[in-house]
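>>> sequence first, predicted coordinates after that:
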Amino acid sequence: MEKFIIKGNTPLKGEVSVNGAKNAAVAILPATVLINGKCRIENIPDISDIKRCIDILELLGAKINIINSHEIEFDCTEIKDIEIPWDLTKKFRASYYFIGALLSRFGHANVGFPGGCNFGSRPIDQHIKAFEALGSKVVCEGAMITANADNGLKGNEIYLDVVSVGATINAMLAAVLVPGTTTIENAAKEPHIVDLANFLNTMGANIKGAGTDVIKITGVEELKGGATYSIVPDQIEAGTFMIAAAASRGDVWITNCITKHLDPLSAKLLEMGVNVEEADDGERIHVWTDKRATKANIKTLPYPGFPTDMQPQVAVLLSLAEGTSYLTEGIYDSRFQYTEELRKMGAKIRVEGKTACIEGVEGLRASQVTATDLRAGAAMIIAGICAEGETEIYGIEHVERGYEKIAERFNALGANITRASEE
Ligand code: EPU
């Protein structure tokens with residue numbers, strides 16, 4: 001069992017560069033299935049979810065040329081229409097993007113159910129609704145999802161009942177090679193949706209409106225590839241460093257980011273009395289403070305609202321803020337499991353339904369805690385950096401699904417994190 005040991009109470013100082021966005025990359029890699037030819041992708045984060053995408057692409061018969069840890073060439077010209085077993089798909093959420101991509105390419109997909117972080121029920125009814133609207137039959141049996149379009153697929157209107165990142169992406173993937181026009185209404189607007197559309201358009205697709213709530217896809221016969229694409233910077237990773245800077249009362253420059261994507265967080269940090277300044281045409285952001293933040297009320301919402309994927313990290317900052325804050329989860333049924341771990345460190349958090357009431361304390365104390373999921377793990381690291389004493393974090397494989405070299409990068413900012421194995 002691997003764990004992080006953090007010697008805490010260190011203000012973070014220095015500069016950190018943001019990697020490519022995990023949630024864009026895990027959609028763009030499955031999208032290569034649609035391309036009849038080679039493509040080169042840059043700024044891919046070196047994280048375990050990407051390795052799992054590559055395992056699936058290799059199973060399908062893709063030719064993969066790893067140029068370096070962040071640049072890969074893909075050639076899916078000769079991939080086969082074969083089943084993707086649950087053993088491979090259950091390890092991460094984005095494995096379900098292979099359903100949309102394979103359905104568009106072959107009119108058929110047989111893919112295991114996805115895994116991912118446990119936030120209570122995570123239905124896929126909107127994905128199925130999108131596939132069915134395009135003319136596919138969908139059967140969920142055992143651990144497998146089978147989509148079949150025996151009579152071919154045809155463009156159609158898809159109205160999503162809930163704003164879903166995954167369903168928007170799967171509907172886009174499924175529609176790219178389908179004759180006619182597909183409209184996705186009530187689409188999600190996250191930066192990674194725009195990034196996937198930009199990637200597909202670079203490879204020859206015809207997608208308009210990504211980033212608004214109506215996306216229009218005109219089917220093309222083929223994606224020829226032959227191009228290079230660089231993945232957008234990860235706004236959640238950037239936000240994690242911003243919150244860590246504020247919570248540790250440090251002084252950090254975050255580079256290689258798109259500050260516009262960070263607006264929902266920057267606005268909250270400013271409201272909490274933390275200094276935030278953008279520079280270099282929105283490519284760098286400076287976060288610094290030498291005092292406790294003040295309380296704030298936050299509700300997570302689809303983009304451009306405050307991201308649910310920064311909810312656990314900001315809970316650490318609110319735990320150390322002056323006054324009582326209310327943090328409401330607006331996306332998932334259950335994303336507060338980590339609060340029990342923070343309580344072990346002295347945080348005063350009471351959860352009632354979808355709201356956490358957080359009474360700020362002067363300091364946190366070291367403890368043995370578990371990363372209950374990916375972003376919860378990032379929150380534990382921030383808490384460990386701020387706490388007095390030596391914190392041990394278990395379950396770090398969750399963190400490594402989504403953050404590249406996280407310990408090394410925090411250490412470069414002055415943290416003291418070591419990795420250790422335990423029998
Ligand atoms: N929903 C439905 N039916 C569906 C799909 C979603 O009811 O068919 C509901 C969900 O239960 C949830 C809401 O809609 O209440 C939004 O879920 P969404 O589909 O947007 O989430 P997702 O696609 O499963 C992605 C990210 C998550 C991130 C959410 C919200 C990926 C691989 N995952 O998940 O990222 O929390 O969007 O922004 O892109 C993370 O990176 O740590 C992470 C969990």
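Perfect, I can see it now. Residues are numbered from 1 along each chain as shown.
>>> got the residues of this protein near the ligand?
Proximity of the chain to the ligand, by C-beta under 6 Å from any ligand atom, involves residues 23, 26, 93-94, 117, 122-127, 162, 164-167, 188, 308-309, 331-332, 374-375, 402. Using the backbone N, CA and C atoms, a C-beta is placed for each residue, glycine as well.
>>> just the buried ones from those?
23, 26, 93-94, 117, 124, 126-127, 164-167, 188, 308-309, 331-332, 374-375, 402 (16 or more other C-beta atoms under 10 Å).
>>> and the residue of the protein closest to the ligand?
Of all residues in the chain, the one sitting closest to the ligand is G166 (2.7 Å; C-beta to the nearest ligand atom).
>>> could I get the average pLDDT for the helix or strand encompassing that residue?
G166 is located in helix 165-175, with elements delineated by DSSP states H and E. Helix 165-175 carries an average pLDDT of 98.
>>> what's the very next helix or strand once past that helix in contact with?
Going down the chain from helix 165-175, the next helix or strand is strand 181-185, by DSSP H and E. Applying C-beta atoms under 8 Å, 6 or more residues apart in numbering, the contact partners of strand 181-185 are 130, 134, 155-160, 168, 171-172, 175, 213-219.
>>> would you map the helices across the protein?
Using DSSP state H, the helices of the chain run over 22-31, 48-60, 86-89, 97-106, 125-133, 165-175, 191-202, 235-247, 263-271, 311-319, 339-344, 374-386, 396-400, 406-411.
>>> how about these, which one is nearest K7?
K7 lies closest to helix 374-386 among the helices of the chain, at 8.6 Å (C-beta to C-beta).
>>> looking at the chain, which residue lies furthest from center?
N151 (35.1 Å; C-alpha atoms, centre = their mean).
>>> wait, isn't that residue in contact with G135?
Yes - with contacts counted by C-beta atoms under 8 Å, N151 reaches G135, the gap being 6.5 Å.
>>> and G353, its phi and psi?
phi 60, psi -120 (degrees, to the nearest 10).
>>> mind pulling up the pLDDT for it?
The model's pLDDT for G353 equals 94.
>>> what does G115 give?
Looking at G115, its pLDDT stands at 89.
>>> same deal with N118?
Looking at N118, the pLDDT reads 82.
>>> that one: neighbour count?
N118 has 13 neighbouring residues, counting by other C-beta atoms under 10 Å.
>>> burial measure for the closest residue to it other than its chain neighbours, as a count.
Leaving aside its sequence neighbours, N118 sits nearest to D373 (C-beta to C-beta, 6 or more residues apart in numbering; 6.5 Å). Neighbours of D373 under the rule other C-beta under 10 Å: 22.
>>> same check, this time on W288
18.
>>> residues contacting it?
W288 is in contact with A245, G250, D251, V252, V274, N275, counting by C-beta under 8 Å, 6+ apart.
>>> next one: I382 from S17, what distance?
To S17, I382 is 19 Å away according to C-beta to C-beta, to the nearest Å.
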